[in-house]
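**Q** structural data only, the sequence is not supplied:
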């Protein structure tokens, strides 16, 4: 698995300028819209998208046929990709906090409390892991182009369901439910633990699905 990490880190090293540009885009949008959460969400999306694209490079020019002739198990490959998603989501959240602290020095409207930053960072971390958990098995099963089309379709369905929930008043019922009230009473440590449990469940499920998909997409 060490070789897989070296390979991916070398691939990502070539995209450092792109990642730096993404950071500037996130900062500019946050400064324009005056939104702290926007930085975290954009950074998570950019970083996870970039790290997930390493699967595309592995698939390019029948790369899997070569990669799995080496002493590399498909199971190890999938686990390494999931860990890479986790790492990129964590790095994105950490860099977002640093970026917000820097921006606070120049724009008072972006001021946020430490607790607010923590909760926003946890939300972005979960979003990044969830996004990566969805796109990784899609990449492995359908390839980059089809996976992106399916992802857009999935996002469209989620948006439609969200609109329907809001229009029908279901959202208000959910927000007034006892479950939401109990979660709101959690302290920072409990919220962190809850997010970690949810992330663990999402990543384990994605790993199992990805293992099945890679067995179908790679014949040996």
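**A** Structure received. Predicted, not measured: the structure shown is a model, and the values here were computed from it.
**Q** for the chain, which helix is longest?
**A** Taking DSSP state H as the assignment, the helix of the chain that covers the most residues is helix 114-168.
**Q** grab the nearest non-local neighbour of residue 154.
**A** The spatially closest residue to residue 154, leaving aside those adjacent along the chain, is residue 134, at 6.9 Å (Cβ to Cβ, 6 or more residues apart in numbering). Backbone N, C-alpha and C define where each C-beta goes, glycine included.
**Q** same check on residue 151?
**A** Leaving out its chain neighbours, the residue that sits closest to residue 151 by Cβ to Cβ, 6+ apart is residue 135, at 5.9 Å.
**Q** same deal with residue 126?
**A** residue 195 (5.3 Å).
**Q** and the one you found, what element?
**A** Assignment of secondary structure by DSSP states H and E places residue 195 within helix 188-217.
**Q** please identify the buried residues of that helix?
**A** 191-192, 195, 199, 202-203, 206-207, 209-211, 213-214 (16 or more other Cβ atoms under 10 Å).
**Q** now swap in stretch 108-116 and tell me
**A** 110, 112.
**Q** mind listing what the residue nearest to residue 151 touches?
**A** 48-49, 52, 147, 151 (Cβ atoms under 8 Å, 6 or more residues apart in numbering).
**Q** now do the phi/psi pair for residue 70.
**A** Main-chain dihedrals, residue 70, degrees, to the nearest 10: phi -80, psi 170.
**Q** number of residues surrounding it?
**A** 8 (other Cβ atoms under 10 Å).
**Q** give me the pLDDT value at it.
**A** Listed pLDDT for residue 70 reads 72.
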